[in-house]
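1. For reference, the sequence and a predicted model appear below.
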Amino acid sequence: MVNNPLIKAWFALLGLSLGSALLTMTPVPPAVMGGGILLLALIKGRIILARYLELAHSPAWLRGFTIVLTGFAVLIFGLYSI
């Protein structure tokens, strides 16, 4: 069992990247695929912020960056849906 949080985060990022790749191979509508890939990218961004940039120790900063990233992702998805 791995106890290092950075290694756990790395494995999570690998899994989410694999999920994004697998999502592109499924026969789903483009809007669903785009939204799924964007959601997985948002989760990966939060993992990077929390673990690699150590914002897990500062919940206010992590929450602020998460709000900004989520807003950006919603904007991107809205533009993609048009």
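-> That came in fine, so what should we check first? Numbering: from 1, shown residues only.

2. contacts and neighbour counts: CA atoms only from here.
-> Noted.

3. Surely Leu40 is in contact with Ser20?
-> Yes. Leu40 lies in contact with Ser20 (CA atoms under 8 Å); the separation is 6.7 Å.

4. which one is Ala31 nearest to, not counting chain neighbours?
-> Leaving aside its sequence neighbours, Ala31 sits nearest to Ser81 (CA to CA, 6 or more residues apart in numbering; 6.6 Å).

5. Next, find the distance separating that neighbour from Leu55.
-> 32 Å (CA to CA, to the nearest Å).

6. Of these two, which one has the most company?
-> Using other CA atoms under 10 Å as the criterion, Ser81 and Leu55 rank with Leu55 on top: 18 against 12.

7. Tell me who's in contact with the nearest residue to that one once chain neighbours are set aside.
-> What sits nearest to Leu55 in space, not counting adjacent residues and going by CA to CA, 6+ apart, is Leu62, at 5.4 Å. Listed by CA atoms under 8 Å, 6 or more residues apart in numbering, the contact set of Leu62 reads Leu49, Ala50, Leu55, Ala56.

8. Out of the residues you listed, list just those in helices.
-> Among these, no residue falls in helices (DSSP state H).

9. of the residues you listed, closest to Ala73?
-> Of all the contacts of Leu62, Leu49 has the smallest distance to Ala73: 15.5 Å, by CA to CA.

10. got the CA positions of whichever strand or helix holds Leu22 in CSV?
-> Under the criterion of DSSP states H and E, Leu22 resides in helix 5-24. Provided in CSV are the C-alpha atoms of helix 5-24 (Å, rounded to 0.1, in the frame of the first residue of the first chain):
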residue,chain,number,x,y,z
PRO,A,5,0.0,11.3,-1.0
LEU,A,6,1.9,12.5,-4.1
ILE,A,7,2.1,9.0,-5.5
LYS,A,8,-1.6,8.4,-4.7
ALA,A,9,-2.4,11.7,-6.6
TRP,A,10,-0.2,10.5,-9.5
PHE,A,11,-2.1,7.3,-9.8
ALA,A,12,-5.4,9.2,-9.6
LEU,A,13,-4.3,11.4,-12.4
LEU,A,14,-3.3,8.4,-14.5
GLY,A,15,-6.7,6.8,-13.9
LEU,A,16,-8.5,10.0,-14.8
SER,A,17,-6.4,10.3,-18.0
LEU,A,18,-7.2,6.7,-18.9
GLY,A,19,-10.9,7.5,-18.3
SER,A,20,-10.7,10.5,-20.6
ALA,A,21,-9.1,8.3,-23.3
LEU,A,22,-11.7,5.6,-22.9
LEU,A,23,-14.5,8.1,-23.0
THR,A,24,-13.3,9.2,-26.5
